[in-house]
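Q: structure of the sequence below:
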Amino acid sequence: MTAISISSLAAEAVEETLHELQFDVSRLQPLGDRTIQTFMRVAQLEGHDNLPSHYALLATPSDPSQLETINQRLADAHVTPIWYPDGDHQCVEQILELLLD
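A: Here you go, the predicted model:
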């Protein structure tokens with residue numbers, strides 16, 4: 001098996017992209033995110049057992065009620081969150097490297 005390492009430049013690009021793609025918790029309240037809305041509709045129409053697994057790498061919100069809300073919304077959309085400590089975006093690189101092994 002070949003090990004693949006992510007260069008520091010690539011890691012920075014991944015980190016910048018993740019900042020752009022992270023959910024804005026305030027937008028999750030009114031179902032403002034179209035991607036999540038679409039996933040929720042598909043999950044309702046097709047049924048959770050008929051869908052492939054989807055995952056999201058997300059920074060853990062500091063507010064436990066926000067965490068609970070996001071967990072429920074993602075569950076409704078058939079998306080399993082993989083939480084990492086807020087601000088510790090280097091964890092994303094580590095998680096991705098583990099997946100490559």
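Q: so Ser62 makes contact with Gly87?
A: No - using Cβ atoms under 8 Å, Ser62 makes no contact with Gly87, being 9.9 Å away. For every residue, glycine as well, the C-beta is placed using N, CA and C.
Q: tell me, how many residues neighbour Ile36?
A: 20 (other Cβ atoms under 10 Å).
Q: next, it: secondary structure please.
A: Of the three states, Ile36 takes helix according to DSSP: H, G, I helix; E, B strand; the rest coil.
Q: look up the closest residue to it, ignoring the ones flanking it.
A: Ala77 (5.1 Å; Cβ to Cβ, 6 or more residues apart in numbering).
Q: got the contact list for the one you found?
A: Contacts here follow Cβ atoms under 8 Å, 6 or more residues apart in numbering; on that basis Ala77 touches Ile36, Phe39, Met40, Ala43, His54.
Q: what's the closest of those residues to Pro81?
A: Nearest to Pro81 among the contacts of Ala77, counting by Cβ to Cβ, is His54 at 10.1 Å.
Q: number of nearby residues for that closest one?
A: With other Cβ under 10 Å as criterion, His54 counts 12.
Q: so it bridges to which residues?
A: As for beta bridges, His54 partners with Val79 under DSSP bridges.
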